[in-house]
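1. return a 3D structure for these sequence lines:
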Amino acid sequence: MHLKAKNRTRDAFILLGSTLSVLAGAAISPSLPGMSRHFANVPDIEFLSKLMLAVPPLFIALFSPFAGYLIERTGRKVVITLSIILFGISGCAGYFIDNPYFLLLSRAFVGITVSGIMTGFIVLIGDLFQSDKRSRFMGVQGGLMSASGVVYLLVGGILAEKKWNLPFLIFGFAFFILFGILVSIRRTKNLAGNNNNLEKIKFNSNLIRIYLMAFLVMVLFLMVPTQLPFLLAKNGIQPSMVGLTLAIWILCSSIASMFYKVYRQKFSIGSIYTIGFIIWFIGYIGISLSYSFWMINLSLIFAGFGNGMIQPNLKIELLDYAPEHGRGRLTGFLTTSLYAGQFLSPIILEPFIRLIGLNHTFLLASFFIFLLVITVTFLYKKKFHYHS
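-> Down below sits the predicted model:
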């Protein structure tokens, strides 16, 4: 009983720690208008304030392979704990910094630390769990990460109304998680051994497929939080209702991830990709053709469930495929793919939005998702089956 209780504590802190990557952006998002007003005398402050959200994903993408290398050389716990400490310090520093350029620098450090946190926890889940337990835990992790975004946004919004820089203090939550990680997680693997050498890993078409799909999934996923508010505003929807719409989308994505174990027991990896992309396709084509607020919300239910199925599936496929000696490095490249897609999504989509408008961009994205349905059905045809 004592061991089970300790494992439950460990699992709880792994799940809470996984939400720090969401906290990094969601908590300060409501403070950006106030930040722009506070630094009103700084040239191009509106652009600089938007960079506060864009800079961390860029540095996560750049440093995740290095984080994966360190995870295998020094051990999982070392990288995770050090990353959480620096995350808390660099995040809370935003409350005290009164210069937008130094604030951007602190946000870059936040991104570097998240690369260690995100990669470390995925690898740790791969070490601790196998088969159905891994699927269940990865689904719960994905669901909790989605749901935590709503909580961090709400808390950040309440604090930002009092003072623009108060949301940065939410990063202090990391020190509570740090305590739990130190107490509940025993020493983890160091795969370099005494000779300080790591076994070589080979990149092949399977890995490239996983990384490319992860990148594309995030480019498409970010369309809702970054582009949909503008589409709704164009149709006269009030900001409070925009928030409700995004909350519905996040909730559906969270529910789909939470139940990942259920359909993983019934369907293969390839089948889940195909089903998820079909549901996502219905959602995005619905958004593109909807001019009713409630039709858009109905479409978002499909979009949320679709991407909520796919995101944990990506991580599970990589963990199932990666050998133990390369799990850290290969997971680091997965994190890079996910966050590169997040960073580049607005940049990739902007030319299409200017050329054909938001509605038609969602329509184009839905057709691209349909191409992904065809592609994954072909690539995974040998693994496409239902478990009775």
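2. going by C-alpha atoms from here, please, whenever you check contacts or count neighbours.
-> Will do.
3. and the pLDDT for residue 3?
-> Residue 3 carries a pLDDT value of 58.
4. make that residue 139, sorry
-> 89.
5. state the helix or strand in which it lies.
-> Taking DSSP states H and E as the criterion, residue 139 maps to helix 131-162.
6. do the same with residue 263
-> Using DSSP H and E, residue 263 falls in helix 260-266.
7. quick one: contacts for residue 81?
-> The neighbours of residue 81, taking C-alpha atoms under 8 Å, 6 or more residues apart in numbering as the test, are 178, 181, 182.
8. what helix or strand is the second one on?
-> Put plainly, it is residue 181. helix 173-184.
9. so which elements touch that helix?
-> helix 2-18, helix 76-96 (3 or more C-alpha pairs under 8 Å, 6 or more residues apart in numbering; DSSP states H and E).
10. winner for burial among those helices?
-> helix 76-96 (a mean of 22; mean count of other C-alpha atoms under 10 Å).
11. rounded mean pLDDT for stretch 57-76, please.
-> Mean predicted confidence for stretch 57-76 is 91.
12. and if you look at stretch 156-168?
-> pLDDT averaged over stretch 156-168 gives 89.
13. show me the contact partners of that stretch.
-> 26-32, 34-35, 91-95, 155, 170.
14. again, only this time at 10 Å
-> Here stretch 156-168 makes contact (C-alpha atoms under 10 Å, 6 or more residues apart in numbering) with 23-24, 26-38, 88, 90-98, 150-155, 169-170.
15. any of those residues buried? List them.
-> 23-24, 26-32, 34-36, 88, 90-95, 150, 152-153, 155, 169-170 (16 or more other C-alpha atoms under 10 Å).
16. after the helix holding residue 181, next one along is what?
-> Next in line after helix 173-184, if elements are assigned by DSSP H and E, sits helix 205-221.
17. next, the buried residues of that next one.
-> In helix 205-221, counting by 16+ other C-alpha under 10 Å, buried: 207, 210, 211, 213, 214, 215, 216, 217, 218, 219, 220, 221.
18. got the contact list for the second one?
-> Right, the one you point to is residue 210. Here residue 210 is in contact with 314, 315, 317, 318, 334, 337 (criterion: C-alpha under 10 Å, 6+ apart).
19. and the nearest residue to the third one once chain neighbours are set aside, how close does it get to residue 125?
-> The reference is to residue 317. Distances taken as C-alpha to C-alpha, 6 or more residues apart in numbering put residue 269 closest to residue 317, at 6.9 Å, once the chain neighbours are dropped. With distances taken as C-alpha to C-alpha, to the nearest Å, residue 269 is found 18 Å from residue 125.
20. run through the residues that contact residue 371.
-> 277, 281, 365, 377.
21. how far away is residue 285 from residue 362?
-> 7 Å.
22. also residue 11?
-> 38 Å.
23. next: residue 6.
-> For residue 6, the distance to residue 362 - C-alpha to C-alpha - is 47 Å.
24. and this structure, what are its domains?
-> 1-189, 204-388 (automatic domain parsing).
25. returning to what we had before: filter the contacts of residue 210 to the buried ones?
-> 314, 315, 318, 334, 337.
26. assign a three-state SS to the first one, would you?
-> Using DSSP: H, G, I helix; E, B strand; the rest coil as the criterion, the local structure at residue 314 reads helix.
27. now for it: which residues touch it?
-> So residue 314 contacts 210, 211, 213, 214, 217, 269, 273, 334, 338 (C-alpha under 10 Å, 6+ apart).
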